[in-house]
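Peer 1: fold the following, please.
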Amino acid sequence: PLLVGAMAYNGLVSNTAYSEGTTLRLTGDIDIAGHSSVHLTNMFAPSDAFVPDGTFVAVTVQTLFSRVFTNPYETPKIDQIRLKLESIPERRVTTLDGAWTDVADALPGSQVTVKVLLRPYRGEPELHDVKITIPAEADPNTTLRVQVSDAGWLNRTTRSGAAGAGSELGGLEQLIHVLNEERRNNRLYVTLLKPTPTLLVEDKELPNAPLSEMNVLDQRRGAGLTVLRESVAGEWSLPIDSVVSGAAFLTIHVK
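Peer 2: Residues are numbered from 1 along each chain as shown. Sure thing, here's the model as predicted:
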């Protein structure tokens with residue numbers, strides 16, 4: 001992993017197209033013999049830290065490769081690593097400035113508009129509408145939580161256990177699946193959450209888990225089982241050609 005990180009960094013900063021103060025768009029694949037490829041997609045905006053901008057790209061590539069290379073299941077045979085970096089001569093950073101819904105109460109099966117205020121770096125605020133649907137099977141007199149966030153917030157909310165602990169999965173292919181399912185930082189995510197537990201069993205998500213099932217599986221906790229306190233009732237995303245950061249939390253009462 002250290003060698004891969006060093007090669008990614010040197011290949012980037014030695015390129016004549018590289019310069020500090022630009023936004024970098026990374027795409028690529030890690031090809032593994034006998035398995036699916038790991039896909040890399042991310043954006044990196046210039047920061048005020050006193051380190052070269054290329055450092056963040058190299059660390060990301062190294063970290064992702066390390067999660068595959070040091071997996072506890074098998075020795076992976078890496079066929080090749082393909083990386084493509086595009087340089088955009090500006091700081092593309094967008095901050096979530098606020099969010100609200102057009103209604104406070106909604107019926108099961110109805111549509112609700114989530115209004116999101118985004119503020120680009122040194123740009124004018126932008127108002128976006130994201131339409132979400134209340135599940136038809138939602139119980140009346142319950143409160144649903146709406147999370148408007150960047151990818152990091154959502155990754156931690158939904159797969160904090162399985163994505164971070166490879167030893168809890170069933171094999172390398174499942175680990176690759178989890179890595180590829182992680183959200184990307186150039187999209188805005190709106191997630192509808194129900195107050196019912198979700199079981200993460202290896203790379204599978206079992207939402208709305210009944211208490212009886214949780215009691216039976218509770219003895220397996222730490223051996224492939226993680227319990228989240230909420231279940232995802234719906235997820236929507238909006239592509240933003242910029243690095244998105246921030247989170248806002250709303251509630252909707254089901255009538």
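Peer 1: once you drop chain neighbours, what's closest to Gly21?
Peer 2: Pro46 (5.0 Å; CB to CB, 6 or more residues apart in numbering). (Each C-beta comes from the backbone N, C-alpha and C, glycine too.)
Peer 1: average pLDDT for the helix or strand hosting Thr113?
Peer 2: Here Thr113 is covered by strand 111-120, with elements defined by DSSP states H and E. Mean pLDDT, strand 111-120: 97.
Peer 1: helices and strands around that strand, which ones?
Peer 2: For strand 111-120, the packing partners by 3 or more CB pairs under 8 Å, 6 or more residues apart in numbering; DSSP states H and E come out as strand 93-101, strand 126-133, strand 142-149, strand 187-194, strand 247-254.
Peer 1: tell me the buried residues in the first one?
Peer 2: Just to be clear, that refers to strand 93-101. Val93, Thr94, Thr95, Leu96, Ala99, Thr101 (16 or more other CB atoms under 10 Å).
Peer 1: can you name the residues bridging to the last one?
Peer 2: Spelled out, that is Thr101. Under DSSP bridges, the beta-bridge partners of Thr101 are Val114.
Peer 1: isn't it right next to Gln111, touching?
Peer 2: No - assessed by CB atoms under 8 Å, Thr101 is found out of contact with Gln111, at 11.0 Å.
Peer 1: re earlier: for the residue nearest to Gly21, phi and psi?
Peer 2: phi -60, psi 150 (degrees, to the nearest 10).
Peer 1: then Ala136?
Peer 2: phi -60, psi -30.
Peer 1: residues contacting the closest residue to it other than its chain neighbours?
Peer 2: Using CB to CB, 6+ apart and skipping the chain neighbours, the partner closest in space to Ala136 is Gly109 (4.0 Å). With contact taken as CB atoms under 8 Å, 6 or more residues apart in numbering, Gly109 is in contact with Thr133, Ile134, Pro135, Ala136.
Peer 1: which element, helix or strand, includes Ala8?
Peer 2: Counting by DSSP H and E, Ala8 is found in helix 2-13.
Peer 1: what lies in contact with that helix?
Peer 2: 18, 24, 52, 54-55, 57-59, 61-62, 65, 81, 83, 85.
Peer 1: for Leu154, state which of the residues you listed is nearest.
Peer 2: Nearest to Leu154, judged by CB to CB, of the contacts of helix 2-13 is Val59 at 21.0 Å.
Peer 1: for the record, mean pLDDT for the helix or strand hosting the closest one?
Peer 2: Element membership for Val59 (DSSP H and E) is helix 54-69. Averaged over helix 54-69, pLDDT sits at 95.
Peer 1: contacts for the helix or strand following it next, please.
Peer 2: Moving toward the C-terminus from helix 54-69, the next helix or strand (DSSP H and E) is strand 78-88. Contacts to strand 78-88, defined as CB under 8 Å, 6+ apart, come from residues 4, 8, 11-12, 17-19, 22-33, 40, 57, 61, 65, 68-69.
Peer 1: buried set for stretch 35-47?
Peer 2: Quick answer for stretch 35-47 (16+ other CB under 10 Å): His35, Ser37, Val38, Leu40, Thr41, Asn42, Met43, Phe44, Ala45, Pro46.
Peer 1: now tabulate those residues in JSON lines and tack on distance to Val116 and pLDDT.
Peer 2: Converted to JSON lines, these look like this (distance: CB to CB, whole Å; pLDDT from 0 to 100):
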{"residue": "His35", "distance to Val116": "37", "pLDDT": "97"}
{"residue": "Ser37", "distance to Val116": "33", "pLDDT": "98"}
{"residue": "Val38", "distance to Val116": "30", "pLDDT": "97"}
{"residue": "Leu40", "distance to Val116": "27", "pLDDT": "95"}
{"residue": "Thr41", "distance to Val116": "22", "pLDDT": "92"}
{"residue": "Asn42", "distance to Val116": "21", "pLDDT": "92"}
{"residue": "Met43", "distance to Val116": "19", "pLDDT": "95"}
{"residue": "Phe44", "distance to Val116": "23", "pLDDT": "94"}
{"residue": "Ala45", "distance to Val116": "19", "pLDDT": "92"}
{"residue": "Pro46", "distance to Val116": "24", "pLDDT": "89"}
